[in-house]
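S.K.: The sequence and its predicted three-dimensional model are supplied below.
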Amino acid sequence: MSAPPHERRAAASRSAGIRRIAFFDVDETLITVKSMLDFAQQAPHSLGEDKTAQPHEGLHRGGTDLAALRRRGASRAEMNRVYYRRYAGVALARLQKAGRDWYHAYRTRPDGYITAGLAALARHRRAGHTIVLVSGSARPLLTPLAEDLGADRILCTEQLADAQGILTGEVARPMIGEAKAEAVTEVMAQLRVPTTDCFAYADHASDLDMLRAVGNPVVVGPDPVLARYARASDWPVLPADAGPRSARTQHHDAHGHDGPEIIALTSGQPTAPRDQARQ
């Protein structure tokens, strides 16, 4: 069986000697929603027939649990673990199908994507760089997105399943905060790509460690903590304007300039491109 197109593309890039990596957070960096929460609104309907009574009740209760945790100041990692417990008893295959169904519907939304993030990813891909999605979301939701955008790897919160493929409700580790930086560092070391040749895009203060782990961090959106770091360190800032899944950015598009052009918007006004990725 031949490798999937995105894996063949990554292999071709490696054989051509292109050694650049672009890491992208997903929620509110590439898409406008928090994917897990958006998906969960549909989960009771798409997964209900596959669950026993107790886990089914967990699906409905999950939103309340997360709200209570947020009020008492729980960490994002803790809330991430609690979220995934709602899927205890669900067959992984069923969740994978539901994730594809969710994304198939999501990609038609007129305001579903962060246009600047999507365009940056497309430019990196056209330059032959390895594209890695880094997210606290679940692989069943991220896989169809990665295939659609032409990403090569996914670093995410990995759900645990038993020998029969039934989810236990537990995860290996939440891909949140420091875990993102550790995972990104591991990939750079594995592929032997120096930090100076790596980019990272993210929108939230919890992604700061990941941004600082690479040589070319890019902030997406107006997060005040990241904005302060961007001003102090001269990091580019991209706008978080929403738009559709444009045909111009689909992964089979072969047109465009040599590398990802990064527009700095540190003061709210566009300036000249600060960086261009080297091939």
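M.R.: That came through, no problem.

S.K.: Return the distance of Val82 relative to Asp162.
M.R.: Remark: distance between Val82 and Asp162 (CB to CB, to the nearest Å) = 20 Å. Using the backbone N, CA and C atoms, a C-beta is placed for each residue, glycine as well.

S.K.: Between the two, point out the one with more neighbours.
M.R.: Set Val82 next to Asp162 and count neighbours by other CB atoms under 10 Å: Val82 wins out with 17 against 9.

S.K.: host element of the more buried one?
M.R.: Using DSSP states H and E, Val82 falls within helix 76-85.

S.K.: distance between whichever helix or strand comes after that helix and the chain's centre?
M.R.: Downstream of helix 76-85, the first helix or strand assigned by DSSP H and E is helix 92-106. Remark: helix 92-106 is offset 16 Å from the chain centroid, using CA atoms, centre = their mean, to the nearest Å.

S.K.: Enumerate the positions of helix 92-106 that are buried.
M.R.: Leu92, Arg94, Leu95, Gln96, Ala98, Gly99, Trp102, Tyr103, Tyr106 (16 or more other CB atoms under 10 Å).

S.K.: Where does Arg123 fall, secondary structure wise?
M.R.: Assigned by DSSP H and E, Arg123 belongs to helix 115-126.

S.K.: try Ala181
M.R.: Secondary structure from DSSP H and E places Ala181 in helix 178-191.

S.K.: and the helix or strand just after that helix, how far out from the chain's middle?
M.R.: For helix 178-191, the succeeding helix or strand toward the C-terminus, using DSSP H and E, is strand 198-202. Its chain's average C-alpha position is 11 Å from that of strand 198-202, according to CA atoms, centre = their mean.

S.K.: quick one: strand 198-202 to helix 178-191, angle?
M.R.: Here strand 198-202 runs at an angle of 160 degrees relative to helix 178-191 (axes from the mean of the first three to the mean of the last three CA atoms, to 10 degrees).

S.K.: And strand 198-202, what does it pack against?
M.R.: Helices and strands touching strand 198-202, by 3 or more CB pairs under 8 Å, 6 or more residues apart in numbering; DSSP states H and E, are strand 21-25, helix 115-126, helix 178-191, helix 208-212, strand 216-220.
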